[in-house]
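>>> Sharing a model that was predicted from the sequence below.
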Amino acid sequence: MFYSAKPTGKVTAKSPLNSASILVFWVMASLSSLSLAEVYSVDQLCKKIGAKLSSVSARECRRLKFDPPRFYSVRGLPILEKHFAAAKNREYAPKILFIGGIHGDEYSSVSVTFKWLKTLAKHHSGSYDWHFVPLANPDGLLKKKSSRVNANKVDLNRNFQTKENAIAAIDHWRNSTKQRTRYFPGQQSLSEPESRAIHTLIEELKPTVIVSVHAPHGILDFDGKVQPPRRLGPLHLRQLGTYPGSLGNYGFYIKNIPVMTIELEHAGIMPKKAQISAIWADLVRWIKVKTKSKEIIVHIAR
Ligand SMILES: [Zn+2]
């Protein structure tokens, strides 16, 4: 970016500072006003979500009291985060990174994640450490016509790193797929701020399990080296295979973290209340059993 090096005459005349300090001051002022103009607050985002989704109100969103934002989308919307820490004496509590709405047109994946967030906000026991990112692709959701891809037209679930000697996601997309734009993985891995945010969170949290909610296949997909659950509520296990650049592929081949991909049945229709609870109960039970048997390992951050 280029900034004009010419301070205004007015400032030069009145300021006792020399021209170099004025220039520094002017550039910094321009930068800060620029960044202020470019990002939105959590409140503003909640308002937008409330206007877009019939199942999540702006009030409901604000009441969840999201953590101060650290990551932003291409268009400057916060990547919402909510951390429910394990109780202090629970050093080995399983850590779950829970992601909704990585595909912006899968509305139910965001709404259902908000419902689970609400439940947890009421009933968090401290036995687990939960980190929620209920809307990983806010730009995709909030476009007039919501899209799977982000504002740069990248499928965030194809933008993760692939193993060193494996085919890069972009080459796979070019050579082995029909180059469908909905699945464009970006020119290189982690080119997008939204996937970088998730990547950073994985590095930081060292999650025991990653859960990512999608729609509309109506199944549970699973990438990991442990025995997956046969079902979560109404969703039966069906492993679809991994795609280069997907979160499941990254979790499996690079991080050795089980990734559960919950595919709700409809993108635009909410599951029944009982189904939402059943999915949650089965998920928590599976994590409990597998950490107890040490089939999945709880990594202690730092
Ligand atoms: Zn999806």
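Now that the structure is in, tell me what you want to look at. Numbers count the residues shown, from 1 in each chain.

>>> Mind listing what's buried along stretch 253-260?
For stretch 253-260, a neighbour-count test (16 or more other C-beta atoms under 10 Å) marks 253, 255, 257-260 as buried. Where C-beta positions appear, they are placed from N, C-alpha and C, glycine not excepted.

>>> Quick one: check that stretch for contact with the ion.
No: judged by C-beta under 5 Å from the ion, stretch 253-260 and the ion are separated, with a smallest distance of 12.9 Å.

>>> Can I get that stretch as CSV, trimmed to CA atoms?
Extracted C-alpha coordinates of stretch 253-260, given in CSV (Å, rounded to 0.1, in the frame of the first residue of the first chain):
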residue,chain,number,x,y,z
TYR,A,253,-2.4,-37.0,8.0
ILE,A,254,-0.6,-34.1,9.7
LYS,A,255,-1.9,-33.7,13.3
ASN,A,256,-3.2,-37.1,14.2
ILE,A,257,-6.3,-35.5,15.7
PRO,A,258,-9.7,-37.2,15.1
VAL,A,259,-12.0,-35.0,13.1
MET,A,260,-15.7,-35.7,13.3
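
>>> Show residues contacting that stretch.
161-163, 166, 202, 207-212, 220-226, 228, 232, 242, 247-248, 250-252, 283, 296 (C-beta atoms under 8 Å, 6 or more residues apart in numbering).

>>> tell me the mean pLDDT for stretch 66-82?
Stretch 66-82 carries an average pLDDT of 98.

>>> Please determine how far the residue nearest to P216 when sequence neighbours are not counted is located from the ion.
In space, and not counting its chain neighbours, P216 is closest to A267: 4.5 Å by C-beta to C-beta, 6 or more residues apart in numbering. Distance of A267 to the ion, computed by C-beta to the ion, to the nearest Å: 8 Å.

>>> So A267 lies in a helix, does it not?
No: A267 is assigned coil when assessed by DSSP: H, G, I helix; E, B strand; the rest coil, not a helix.

>>> ok, the residue nearest in space to the middle of the chain to S189 distance?
The chain has A136 as the residue nearest its centroid, 3.3 Å off, counting by C-alpha atoms, centre = their mean. Using C-beta to C-beta, to the nearest Å, A136 is found at 16 Å from S189.

>>> repeat for R230
33 Å.

>>> Looking at these two, which is more packed in?
Ranked by neighbour count (other C-beta atoms under 10 Å), R230 and S189 place S189 first, with 21 against 10.

>>> what does the model give the more buried one for pLDDT?
97.

>>> Would you list the buried entries among the contacts of stretch 253-260?
Among the contacts of stretch 253-260, the ones that count as buried (16+ other C-beta under 10 Å) are 161-162, 202, 207-212, 220-224, 228, 232, 242, 247-248, 250-252, 283, 296.

>>> Mind checking which of the residues you listed are in strands?
209-212, 220-223, 232 (DSSP state E).
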